[in-house]
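K.L.:
Requesting a structural model of the entry that follows:
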Amino acid sequence: MSAPKEETNMNGLHSCKPGNEPIVGQVKTFVVIHNPATENKKAWTKIKSASADQGGTPYRITSVTPTGFTDSYGNISFNIDIEPQSASSAQDRQHPLDRPSGLPLQGSVNGTGLDERQRAIIRQHSQSMALEVLKLKHALGELTLVDLSPVKLRALADYFDDDVLGAISTS
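P.N.:
The predicted structure is shown next:
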């Protein structure tokens with residue numbers, strides 16, 4: 001039974017294949033399923049990835065805690081906290097620089113959009129900052145193999161892209 005999108009943050013159990021781990025700050029489309037209590041289990045919420053055409057709505061991931069459980073299909077599970085997002089903000093936040101050259105970006109300078117060179121400079125900076133975070137995690141003894149997955153690296157660089165574009169839009 002799927003519940004309608006709520007207007008408040010929520011948390012629940014999410015499972016996925018290794019390499020597709022949820023990342024704090026990432027916006028993804030989910031279906032939220034509220035499972036009622038039974039004789040043997042307390043009530044719980046399942047947060048399942050689903051495309052928009054399968055009823056998924058956009059949510060920003062605000063917290064991720066691994067459960068340490070792997071099911072018989074090799075899926076790993078996490079307790080995640082999510083907050084609802086509008087469909088347009090989700091599209092803007094997922095990959096802010098993945099647009100054809102010449103199209104305006106949210107936060108573009110004087111409404112003209114960023115050119116290809118500017119986007120490349122921002123992306124290079126974002127990737128460098130992602131590597132700095134990994135160096136810091138390594139120095140603190142907190143670097144994991146998951147941190148080095150392409151999905152996680154891309155999302156970390158996207159986080160810094162968003163930060164730069166946010167600074168541009170407020171100037």
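K.L.:
so where's this structure uncertain?
P.N.:
For the chain, the stretches flagged by pLDDT under 70 are 1-7, 87-113, 168-171.
K.L.:
Now with 80, please.
P.N.:
By pLDDT under 80, the weakly predicted segments of the chain are 1-8, 86-115, 165-171.
K.L.:
hey, where'd the strands end up in it?
P.N.:
Using DSSP state E, the strands of the chain run over 10-16, 27-35, 44-49, 57-70, 76-84.
K.L.:
what is the orientation angle of the second one with strand 44-49?
P.N.:
Regarding strand 27-35 and strand 44-49, their directions subtend 150 degrees when assessed with axes from the mean of the first three to the mean of the last three C-alpha atoms, to 10 degrees.
K.L.:
Include distance to E116 and mean neighbour count when you put the strands of the chain into CSV, please.
P.N.:
Where you see a C-beta, it was placed from the backbone N, CA and C, and this is true even at glycine. Listed next are the strands of the chain as CSV, based on distance: least, C-beta to C-beta, whole Å; neighbours: other C-beta atoms under 10 Å:
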stretch, distance to E116, mean neighbour count
strand 10-16, 34, 18
strand 27-35, 25, 19
strand 44-49, 32, 17
strand 57-70, 28, 16
strand 76-84, 33, 19
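K.L.:
Which of those strands sits closest to D162?
P.N.:
strand 27-35 (9.9 Å; C-beta to C-beta).
K.L.:
Got the domain ranges for this structure?
P.N.:
Domain assignment of the chain by automatic domain parsing yields the ranges 1-92, 95-171.
K.L.:
biggest helix in this protein by residues?
P.N.:
Identified as the longest helix of the chain according to DSSP state H is helix 116-139.
K.L.:
who touches that helix?
P.N.:
Helix 116-139 has contacts (C-beta atoms under 8 Å, 6 or more residues apart in numbering) with 97, 101, 114, 143, 147-148, 153, 156-161, 164-165.
K.L.:
buried sites along it?
P.N.:
Q118, R119, I122, R123, S126, Q127, M129, A130, V133, L134 (16 or more other C-beta atoms under 10 Å).
K.L.:
mind checking how far the first one is from Q124?
P.N.:
Distance of Q118 to Q124, computed by C-beta to C-beta, to the nearest Å: 11 Å.
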